[in-house]
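Asker: A structural model of the following input is requested.
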Amino acid sequence: MTDAEEPLDLVPLPGSERPARPGFRARGGLAPDVRVDATLVLRRRAELPESAFAHPLSRDELAEKYGAAPEDVQLVRSTLEGLGLTVDEVDAGARRIRVSGPVQTVARVFGTDLAESTPEDDGAEAPTYRQRTGGLSIPAALGGVVTAVLGLDDRPQARTQFRYVPAAAVSTSYTPPQLGTVYSFPEGTDGSGQTIAIIELGGGYVQSDLDTYFAGLGIPTPSVTAVGVDGGSNAPDGNPNGADGEVMLDIEVAGALAPKASIVVYFAPNTDAGFLDAVSTAAHADPTPSAISISWGQSEDQWTPQARTAFDQALQDAAALGATTTVAAGDDGSSDRVGDGRPHVDFPASSPHALACGGTRLEADTSTGAVHSETVWNNGSGGGATGGGVSAVFPLPSWQKGVGVPSGAGGTDAGGSANGKGGRGVPDVSAVADPQTGYRIRVDGQDTVIGGTSAVAPLWAALVARLVQSTGRPLGLAQPALYDSIRSGQVAAGFRDITVGDNGAFAATAGWDACTGLGVPNGGTLLSAL
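Answerer: Prediction:
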């Protein structure tokens with residue numbers, strides 16, 4: 001028996017069980033010499049205390065106190081290299097190690113089988129992916145040290161949260177500066193000195209489109225920089241209804257509302273590893289961004305527990321460093337497109353370390369900003385609606401206690417909440433998302449209108465950047481300040497309450513609700529309240 005055939009001493013990796021992914025089919029094994037990359041997440045030296053969110057840390061402090069211990073890094077490196085894998089990148093501060101190797105070696109080391117996979121309904125030209133089922137194992141020497149192994153399954157992990165509708169279906173639309181007036185963004189601010197990071201898992205932008213768009217608004221084109229992560233790149237495909245629409249929407253909304261901010265767009269593969277690595281790279285960048293905008297997500301139960309935990313910890317790092325992560329809450333109402341008749345929330349919006357962004361329908365005077373009506377966005381079956389509800393995996397945060405979050409998913413425990421005592425409520429905040437009252441943007445040479453909670457995340461990221469500019473201090477984990485001990489039915493300072501409409505299982509009420517959270521911003525008042 002050769003060394004490669006000898007059984008390894010492996011232990012199960014908790015939380016790595018992969019749920020079935022409907023819509024894909026396996027088509028046999030992979031060639032044994034195909035190269036496979038993966039991201040390993042290591043344990044912290046010590047648990048991150050709540051005090052870190054109130055008093056942001058420097059990158060060096062975070063790495064030295066709560067990053068990966070040098071001895072853990074060396075143990076992982078020596079163990080995996082000894083088994084035939086290559087260590088390609090080490091980031092001890094972010095607790096990530098990138099490894100690669102031939103598929104037969106990777107499968108052996110992590111105790112799994114990898115198969116070729118294709119979407120079931122895409123025909124002969126369907127793209128191919130890797131897939132795995134069941135759980136993973138790791139070498140026994142790494143038990144408790146390695147907490148996640150991501151990227152072995154490279155089927156798309158997340159979907160965009162934007163809605164494109166034909167022009168004939170649009171009743172009214174807004175430029176981002178008009179929405180800055182509607183939502184009273186703080187006067188005398190423009191994002192100067194701030195950085196907004198935007199996470200993208202596909203598509204790209206065309207500089208000439210940005211120049212044309214901002215010239216039409218009378219705004220100098222903001223500074224936009226692309227950063228590739230795990231082989232990702234700015235790669236527009238010419239399809240305005242695809243990922244290009246997401247990328248351009250995010251940049252144009254953030255750039256028009258915080259035109260003097262530096263916008264850094266992180267492009268990564270649409271895998272659990274790529275998504276995590278992009279967010280972690282953005283959070284640990286120099287300078288630390290004021291805000292990280294994420295408009296991609298997937299129902300909580302379509303993530304492995306290890307991936308959710310690793311991602312939530314990356315968002316903890318971001319908050320501890322002073323960055324506020326704004327995340328789209330989803331565009332498919334309280335079902336989040338699961339189809340089992342029960343409420344579901346989207347992740348990463350459901351992380352308590354993300355500022356979850358829901359959506360409204362807005363009728364306002366574009367010249368004065370006067371609001372005629374603003375209600376919950378819900379265009380009925382197939383038409384899109386704001387996501388929102390109760391997390392089935394994250395417990396109720398201390399800052400949401402007493403605001404009226406239902407005791408479990410759908411208002412009952414029924415195994416739907418994180419601990420039978422209530423879960424984290426989604427969303428936290430909102431703004432217009434209905435594509436029928438959507439955002440005027442430019443994509444792939446076309447002027448169009450797009451909606452979805454995808455647009456709300458960069459809107460709030462721009463607002464955060466302007467608030468930070470004015471106060472001179474980072475917001476980081478913003479929710480403790482935004483909720484500020486309000487009780488059920490009370491309206492938080494700096495918000496206009498939305499009390500009409502529903503997203504399926506949940507209805508708008510006075511105060512916080514699982515449709516629009518605390519409501520929509522009044523930026524000037526919010527600045528005074530911080």
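Asker: Give the burial count for the nearest residue to Asp336 once chain neighbours are set aside, as a bare number.
Answerer: The spatially closest residue to Asp336, leaving aside those adjacent along the chain, is His344, at 4.0 Å (C-beta to C-beta, 6 or more residues apart in numbering). Any C-beta I mention is one placed from the backbone N, CA and C, and that applies to glycine too. Applying other C-beta atoms under 10 Å, we find 29 residues neighbouring His344.
Asker: what's His344 in contact with, if anything?
Answerer: By C-beta atoms under 8 Å, 6 or more residues apart in numbering, His344 lies in contact with 299-301, 334-336, 338, 389, 392, 409.
Asker: pLDDT score assigned to it?
Answerer: pLDDT for His344: 97.
Asker: Distance check, it against Leu150.
Answerer: 22 Å (C-beta to C-beta, to the nearest Å).
Asker: where do the helices sit along the stretch 301-450 of the chain?
Answerer: 305-321 (DSSP state H, counting those that start in this stretch).
Asker: Please identify the pairing partners of the helix or strand of the chain with the lowest mean pLDDT and their relative orientation?
Answerer: Ranking every helix and strand in the chain by mean pLDDT, DSSP states H and E puts strand 163-164 at the bottom, with a mean of 80. Partners of strand 163-164 in the sheet, by DSSP bridges, are strand 446-451 (antiparallel).
Asker: May I see the buried residues of the strand it pairs with?
Answerer: Across strand 446-451, burial judged by 16 or more other C-beta atoms under 10 Å covers 448-451.
Asker: Out of these, flag the one nearest to Thr225.
Answerer: Looking at those and their distance to Thr225, the nearest is Ile450, at 22.9 Å (C-beta to C-beta).
Asker: pretty sure the closest one contacts Phe162?
Answerer: Yes - Ile450 is in contact with Phe162 according to C-beta atoms under 8 Å; the separation is 5.4 Å.
Asker: coming back round to it: need the max-distance pair from the contacts of His344.
Answerer: Asp301 and Ser334 (14.2 Å).
Asker: ok, the two, which is more surrounded?
Answerer: Ranked by neighbour count (other C-beta under 10 Å), Asp301 and Ser334 place Ser334 first, with 27 against 15.
Asker: so what's the more buried one scoring on pLDDT?
Answerer: On the pLDDT scale, Ser334 gets 97.
Asker: Thought Phe506 was touching it, still the case?
Answerer: Yes - with contact defined as C-beta under 8 Å, Ser334 reaches Phe506; the gap is 5.7 Å.
Asker: what sits in contact with each of the two?
Answerer: Contacts common to Ser334 and Phe506, judged by C-beta under 8 Å, 6+ apart, are 343, 388-389, 514.
Asker: tilt between the lengthiest strand in the chain and helix 305-321?
Answerer: The longest strand of the chain (DSSP state E) is strand 355-364. For strand 355-364 against helix 305-321, the angle by axes from the mean of the first three to the mean of the last three C-alpha atoms, to 10 degrees is 80 degrees.
Asker: Give me the secondary structure label for Val90.
Answerer: strand (DSSP: H, G, I helix; E, B strand; the rest coil).
Asker: Mind telling me what element the nearest residue to it once chain neighbours are set aside is part of?
Answerer: Among residues not flanking Val90 along the chain, Ile97 sits closest, at 5.3 Å (C-beta to C-beta, 6+ apart). Per DSSP states H and E, Ile97 falls inside strand 96-102.
Asker: Return that strand as PDB; C-alpha atoms alone will do.
Answerer: Extracted in PDB, the C-alpha atoms of strand 96-102 (Å, rounded to 0.1, in the frame of the first residue of the first chain):
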ATOM      1  CA  ARG A  96      -7.600  32.300   6.800                       C
ATOM      2  CA  ILE A  97      -5.300  30.000   5.000                       C
ATOM      3  CA  ARG A  98      -5.700  29.300   1.200                       C
ATOM      4  CA  VAL A  99      -4.600  25.800   0.100                       C
ATOM      5  CA  SER A 100      -4.600  23.900  -3.200                       C
ATOM      6  CA  GLY A 101      -3.900  20.500  -4.600                       C
ATOM      7  CA  PRO A 102      -5.000  17.800  -7.000                       C
END
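Asker: Just list the residues touching Pro222, thanks.
Answerer: Counted by C-beta under 8 Å, 6+ apart, Pro222 has contacts 214, 255, 258-263.
Asker: Just give the number of residues close to the closest residue to it other than its chain neighbours.
Answerer: Distances taken as C-beta to C-beta, 6+ apart put Gly255 closest to Pro222, at 4.0 Å, once the chain neighbours are dropped. Number of residues near Gly255 (other C-beta under 10 Å) recorded here: 28.
Asker: Settle this for me: Gly255 is touching Phe214, isn't it.
Answerer: Yes - the pair Gly255 / Phe214 is scored as a contact, 6.8 Å apart, by C-beta under 8 Å.
Asker: Any regions of this protein where pLDDT drops low?
Answerer: 1-5, 124, 166-168, 408-421 (pLDDT under 70).
Asker: longest helix of it?
Answerer: Counting residues, the longest helix found in the chain (DSSP state H) is helix 453-471.
Asker: Distance from the chain centre to it, please.
Answerer: In terms of C-alpha atoms, centre = their mean, to the nearest Å, the centre of helix 453-471 is found 15 Å from the chain centre.
Asker: try stretch 310-330
Answerer: 8 Å.
Asker: for stretch 337-356, same thing?
Answerer: For stretch 337-356, the distance to the chain centre is 11 Å (C-alpha atoms, centre = their mean).
Asker: Just the CA coordinates for it, please, in CSV.
Answerer: The C-alpha coordinates for stretch 337-356 follow below in CSV (Å, rounded to 0.1, in the frame of the first residue of the first chain):
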residue,chain,number,x,y,z
ARG,A,337,-37.8,31.7,-2.3
VAL,A,338,-37.6,28.5,-0.3
GLY,A,339,-41.1,27.2,-1.2
ASP,A,340,-41.9,25.1,1.9
GLY,A,341,-44.7,27.4,3.0
ARG,A,342,-42.7,28.7,6.0
PRO,A,343,-41.0,32.0,6.6
HIS,A,344,-37.2,32.2,6.0
VAL,A,345,-34.7,35.0,6.2
ASP,A,346,-31.7,35.7,4.0
PHE,A,347,-28.0,35.4,5.1
PRO,A,348,-25.7,37.3,5.5
ALA,A,349,-28.5,39.9,6.3
SER,A,350,-29.6,37.7,9.3
SER,A,351,-26.2,38.0,10.9
PRO,A,352,-26.5,40.2,14.0
HIS,A,353,-23.3,41.9,12.9
ALA,A,354,-24.8,43.0,9.6
LEU,A,355,-27.1,46.0,9.2
ALA,A,356,-29.9,44.3,7.4
